[in-house]
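[1] What follows is a protein structure lacking sequence information:
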């Protein structure tokens, strides 16, 4: 019985560091994905505001669109179409990113639970060892 306990303690001590690293990695990935989703939502809003502002101009007006470091004059309807296309692409990607974010969150929570269980187990063993040493 004591051998199994010592083996369990050793296994828990070996695993707690790995689990803590996994939790940290998942938190980092989750944070990056949250940032990506927020940036996409912001970009969608900006596209909408820009399209709304451009709607005040006549369809035959010319606008400048950025291509790399240059600006090219193009028809207003092309600019609006590009903005709408960009927004639509982001809108289509958002559910995929949300599914990925939910998966990372679930993995992180499971890893955090495992970490807490290992920590509780090791704390319990440590307290038991302190009681034994005090006798």
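    Received, thanks. The structure displayed is predicted, hence computed values, not measured ones.
[2] contacts for stretch 56-73?
    Stretch 56-73 has contacts (C-beta atoms under 8 Å, 6 or more residues apart in numbering) with 54, 74-79, 82. All C-beta spots, glycine's among them, are computed from the backbone N, C-alpha and C.
[3] If you count neighbours, what's buried in that stretch?
    residue 63 (16 or more other C-beta atoms under 10 Å).
[4] Can you give me the end-to-end span of it?
    Using C-alpha to C-alpha, to the nearest Å, one end of stretch 56-73 lies 18 Å from the other.
[5] for the record, mean pLDDT for that stretch?
    The pLDDT scores in stretch 56-73 average 89.
[6] Pull the contacting residues for residue 94.
    Here residue 94 is in contact with 37, 40-41 (C-beta under 8 Å, 6+ apart).
[7] can you do 10 Å?
    Residue 94 is in contact with 36-37, 40-41, 44, counting by C-beta atoms under 10 Å, 6 or more residues apart in numbering.
[8] same check, this time on residue 19
    So residue 19 contacts 12, 111-119 (C-beta under 10 Å, 6+ apart).
[9] Could you list the low-confidence segments of the chain?
    1-4 (pLDDT under 70).
[10] all helices for it, in order.
    2-54, 76-134 (DSSP state H).
[11] how big is the angle separating the longest one from helix 2-54?
    I take that to be helix 76-134. On the basis of axes from the mean of the first three to the mean of the last three C-alpha atoms, to 10 degrees, helix 76-134 is oriented at 160 degrees to helix 2-54.
[12] which among the contacts of stretch 56-73 end up buried?
    54, 76, 79.
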